Structure formats: C-alpha cells, structure tokens
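J.: I'd like to go over a predicted model; first the sequence, then the structure.
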Amino acid sequence: MSQPFISAKDVHFKYPDGTKALYGVDLDIYEGEIVSIVGQNGSGKTTLVKHFNGLLKPTEGDVLVGGTSVKKQPLGQLARTVGYVYQNPSLQLFCRSVRDEVSFGLKLLKVPGNEIKSTVEESLKTVGLLDKIDEYPFFLTMGEKQRVAIAAILALKPKVLIVDEPTTGQDYKMAYQFMKLFEKLNKEEGKTVIFITHEMRFSTEFAKRTVVMSNGKILLDGPSGKVFTQVDKLKEAFVAPPQISELAMKLNECGIRPDILTVDEMYQEIKQALLKKRGAINGTCN
Ligand SMILES: Nc1ncnc2c1ncn2[C@@H]1O[C@H](COP(=O)(O)OP(=O)(O)OP(=O)(O)O)[C@@H](O)[C@H]1O
Ligand SMILES: [Mg+2]
C-alpha cells in the first residue's frame, strides 16, 4: 500500500485544564479515502481530527501530514491542505456577510481579488447557497450556517476535507444531500474525506472504512461492514450498529452475509437466498 497522507503516531493529548482526551492514538489515512469516525460523546473524535490540521498539537507522539510533522508546518499551509469544518459552525462564522465569510481565508492567503470572487461564487454554488451571498450569517438557519462553513473551507481547495458532525441541525434530506456532496467531491475531485457522525447509516452507506473511538482510544478500525459486526466491542464503545447491520447479523443463521451495508444489498441477498430455496431458474420470485 502507498504511504498514508495523514499519520497519527501514538498521539496523546491533554487540554490546558488537565483533561486528558487522547491516549496513544495510531491512525493512518490514505489519499482518496472516505473514512467515518464514530463514538460516544466525549470519546475524543473532535480532539483527534483537530490534530490533522494543526489546530491542536500532540502533547506526546506526532502527526504527519504529507510525510512532514504538523509541528514543522505553518498553520496557513496546513489549513490549505487539510480543511476542517467545525462541529458548531457558529464558532467558525464571524463576518458580516456570507461573501466575506467565504472570502476570509482566501484574503488571508493573499489570493487576487478576481480569483476570490469566482472561487467564492463557485463554493457557494456547490453548497446551494449562492442566493444568500449578501446575507448576514448570524440570521441563517443552523443548516445554512453549516453550509457556509463548508463553502469557506471548500474555497481553500484542500486535499483533505474533515467535517465534524455534518448532519447536526439538518433534516434528513439535507443531511443526505451533504453526504452526497462529499461523495461527489471524493469521486470527481479525488478529495480525501473524513467525517464524524452519530448517524451510523451514513457510515455504512458513504464510508468504506469506519473508525470507532472510545475513551480517547481507537477501539475498531476497518471496513465499515466488518466493524459493525463487532457487537461486543461496539457495546463497549456505546455505539449501536445501524439497523441494517443488526438485521444482517440476525439473519446470518439463515445464510445471509453479516456484513451487509445497504437495503439494496440486503434485498439482493434475501432474493438470491429465496430463489435458491425455491430452485427458481428464471431469476424472478414469481
Ligand atoms: N476545550 C476543552 N478543554 C478541556 N477539555 C475538553 C475540551 N474540549 C473537549 N474536552 C474534553 O476532551 C474529551 C474529548 O472531547 P471531544 O470533544 O474530543 O469528544 P467528541 O468525541 O468529539 O465528543 P462529541 O461527540 O460530544 O462531539 C472530553 O472529555 C471533553 O470533555
Ligand atoms: Mg466532537
């Protein structure tokens, strides 16, 4: 396998007030992956990903991005490489208009004005908010704020996009559209995507790989289908597998694969099992 693009090596982290949040995390993220990170509240998900763009520096251990320690990379350069969308978008937004908000990082990076204009418009179009370009971010809905925050990060054209709970404050349709957007950015632009979620359905549907955190450590890491069959470990992490995984595991005694991830896969698997049982030869259930 190729070199990982992000590599956490035995990362420990203690907040200034003495709270220890990470206890020796090792994690490699490869270019072009979509990885989901799950785990109960306070398990260290946000603390870990903030290490990937230098917002936090390890108390012990190291994080390499593009092969170089984050301790040796200027923050501005890291922000361009690894974009992090805050869990609470209000923390990220502070300008008087959506336009200023999305331009902010580009101005800091001294990008020429005409390029800023087109990039800002393009990024807002991507998140479906071009019509709000002149609005005051404070008055937007929680979901819209999150979209502005995503546009502001996309404008920097990072290689890696980290989205912390992209589905919070969104209705299901919007949350799903977000996930589709990340999938598209991954497929069409080759962006590496790391998303933190409490929606296990999104892990199974959009991430080939899932990382489960518990008490500041990584408890499970592997193909999402396999991870969600590790019932005992998931219980330890207080993570409930998605319903489709639970059903697949229960039906395993009838010969159904336990690592099924989507309703469509389940439909095919059950259909094949029924057809086989009936000795059907024309491939239909009739
Ligand atoms: N700024 C801070 N100062 C002190 N302790 C903090 C700070 N931020 C987080 N913590 C603590 O660090 C630990 C890990 O928190 P973190 O926010 O990384 O968890 P999380 O998995 O992202 O949780 P959630 O699902 O609620 O977002 C928790 O014990 C939390 O209380
Ligand atoms: Mg968090």
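T.: Right, received. Where do you want to start? Ligands and ions are numbered 1, 2, ... in the order given.
J.: check which helix or strand the residue in the stretch 51-200 of the chain positioned nearest to ligand 2 maps to.
T.: Here the stretch 51-200 of the chain gets closest to ligand 2 at one residue, residue 87, 4.9 Å apart by Cβ to the ion. For the C-beta atoms, the positions are set from N, CA and C on the backbone; glycine is no exception. Using DSSP states H and E, residue 87 maps to neither a helix nor a strand.
J.: got phi/psi on it?
T.: Here is the backbone geometry of residue 87 (degrees, to the nearest 10): phi -60, psi -40.
J.: what's the nearest residue to it if we skip its chain neighbours?
T.: Closest residue in space to residue 87, ignoring its immediate chain neighbours: residue 164 at 3.9 Å, by Cβ to Cβ, 6 or more residues apart in numbering.
J.: ditto for residue 30
T.: Using Cβ to Cβ, 6+ apart, the nearest residue to residue 30 is residue 4, at 5.4 Å.
J.: for burial, what's the neighbour tally of that neighbour?
T.: By the criterion of other Cβ atoms under 10 Å, residue 4 has 17 neighbours.
J.: can you pull the contacts of it?
T.: Going by Cβ atoms under 8 Å, 6 or more residues apart in numbering, residue 4 touches 28, 29, 30, 64.
J.: I'd assumed it was in a strand, is it?
T.: No. If the criterion is DSSP: H, G, I helix; E, B strand; the rest coil, then residue 4 is coil and not within a strand.
J.: okay, and the beta partners of residue 209?
T.: Beta bridges link residue 209 to residue 35, residue 223 when assigned by DSSP bridges.
J.: distance of it from ligand 1?
T.: 18 Å (Cβ to the nearest ligand atom, to the nearest Å).
J.: distance between the ends of stretch 36-47?
T.: 15 Å (Cα to Cα, to the nearest Å).
J.: that one near ligand 1 at all?
T.: Yes. Stretch 36-47 lies within reach of ligand 1 by Cβ under 6 Å from any ligand atom, at 39, 41, 42, 43, 44, 45, 46, 47.
J.: so for that stretch, what gets flagged as buried?
T.: Residues of stretch 36-47 classed as buried by neighbour count (16 or more other Cβ atoms under 10 Å): 36, 37, 38, 39, 43, 44, 45, 46, 47.
J.: of these, which belong to helices?
T.: 45, 46, 47 (DSSP state H).
J.: wait, which of those is closest to ligand 2?
T.: residue 46 (3.1 Å).
J.: which outside residues touch stretch 92-106?
T.: Residues contacting stretch 92-106 (Cβ under 8 Å, 6+ apart): 79, 85-86, 115-116, 119-120, 123-124, 129, 132-138, 140, 145, 148-149, 151-153, 155-156.
J.: repeat that for stretch 246-254.
T.: Counting by Cβ under 8 Å, 6+ apart, residues outside stretch 246-254 touching it are 229, 231, 241, 256, 257, 258, 259, 260, 266, 269, 270, 273.
J.: from memory the second one sits against residue 240, does it?
T.: No. No contact is recorded between residue 231 and residue 240 when judged using Cβ atoms under 8 Å, the distance being 10.0 Å.
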